[in-house]
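1. Coordinates for the following, if possible.
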Amino acid sequence: MLKLIFVLALSISCCWCSKFQSSKIPQCAIGDTNCIKETTNLVLSQFYGGEPKVALAKMDPLQIQRMQIKQGGNSPVNIDLSFNNVELHGLKDFHCTYVKGFGPDPNGQYEMRAKGPLFILKGPYTINGRILVLPIQGNGISNFTLENPELHIKWTGKSKVKNGKTHLYTDDLRMTFKITRMQAYFGNLFNGNPELGESTNRFMNENWQDIFNEIKGSIFDAFSLIMQTMMNNMWAHHDYKEMFKQ
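-> This is a model prediction of the structure:
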């Protein structure tokens, strides 16, 4: 779900490039994690709409082409849930609290932590399966909200040399998060049956904790893959050392 998604690390990778001279975003010295943290917060709060001068894409709302959550096996929540062409709202209100890594050698362990008031995912969905004791089926417009998410992102940085330039990339990014509540609304459940749709949405929100505990692993997997792809795509455009103040 959070194409987390976070995005926080994407914003950093976008803004530490050699074109900083024409941007209002400050450039950090290599290894200065406090500066990196503060720059991330500046980007999230003031440049969430994008910054073409440093190739920073729009982050809020964040456009997500497709995200899939599949949960099967013996779990009491057994679903195939797809979101298509949806928007993620809330990143502009997030605050980065911790950064590790980004030293002289791109190889090594990296970590980021951030928290915010809300993640709101809006747009078309398709769902089939069973949630606890209830079958569920439908397609329409959804509103999926996570309250007070606290993100924890970890990855192993690796270097890749191309055309004489060294790029940072990762193949093991993992994002997890804690929340205080999950609220969901799926429109047009059971082909628009108002009684079944209303009762199913109410049941999901009343039992959100049990449902989240069952599907959070699949949610983390979906967000981790999306964020890893975005970060690697962005880092591929910048030489690692050129992203920092010399």
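2. can you pull out the strands in this protein?
-> 62-71, 77-89, 95-100, 108-115, 118-131, 134-147, 150-162, 165-169, 174-178, 181-186 (DSSP state E).
3. Tell me the strands beside the fourth one, with direction?
-> Which is strand 108-115. strand 95-100 (antiparallel), strand 150-162 (antiparallel) (DSSP bridges).
4. so what's the spatially closest residue to residue 186 that is not a sequence neighbour up against?
-> Closest residue to residue 186 apart from its sequence neighbours, by Cβ to Cβ, 6 or more residues apart in numbering: residue 142 at 5.1 Å. In short, each C-beta sits where N, CA and C put it, glycine included. Residue 142 sits next to 83, 86, 121, 122, 123, 124, 125, 184, 185, 186, 187 when contact means Cβ atoms under 8 Å, 6 or more residues apart in numbering.
5. And the strands of the chain: which comes nearest residue 209?
-> strand 181-186 (7.9 Å; Cβ to Cβ).
6. on contacts alone, who are the packing partners of the closest one?
-> strand 134-147, helix 194-206, helix 208-235 (3 or more Cβ pairs under 8 Å, 6 or more residues apart in numbering; DSSP states H and E).
7. May I see the buried residues of the last one?
-> Spelled out, it's helix 208-235. Of all the residues in helix 208-235, those buried under the rule 16 or more other Cβ atoms under 10 Å are 208, 211-212, 214-216, 218-220, 222-224, 226-228, 230-232, 234-235.
8. quick one on the thing from earlier: now tabulate the strands paired with strand 108-115 in TSV and tack on mean neighbour count and mean pLDDT.
-> Output for these, formatted as TSV (neighbours: other Cβ atoms under 10 Å; pLDDT from 0 to 100):
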stretch	mean neighbour count	mean pLDDT
strand 95-100	17	96
strand 150-162	17	95
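9. Can you add distance to residue 39 and give these back as JSON lines?
-> Converted to JSON lines, these look like this (distance: least, Cβ to Cβ, whole Å):
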{"stretch": "strand 95-100", "distance to residue 39": "9"}
{"stretch": "strand 150-162", "distance to residue 39": "16"}
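10. Nearest to residue 245, out of the ones you listed?
-> strand 95-100 (15.8 Å).
11. List the contacts of that closest one.
-> 8, 33-34, 36-37, 40-41, 44, 109-116.
12. quick one: least confident of those?
-> pLDDT is lowest at residue 8 among the contacts of strand 95-100; the value there is 49.
13. Tell me the bridge partners for the closest residue in space to residue 41 that isn't next to it in sequence.
-> Here the nearest residue to residue 41 in space, its sequence neighbours aside, is residue 96; by Cβ to Cβ, 6+ apart that works out to 5.4 Å. For residue 96, the beta-bridge partners under DSSP bridges are residue 114.
14. now swap in residue 128 and tell me
-> In beta-bridge terms (that is, DSSP bridges), residue 128 pairs with residue 80, residue 137.
15. Quick check: it touching residue 186?
-> No: contact status for residue 128 versus residue 186: not in contact, 11.6 Å apart, counting by Cβ atoms under 8 Å.
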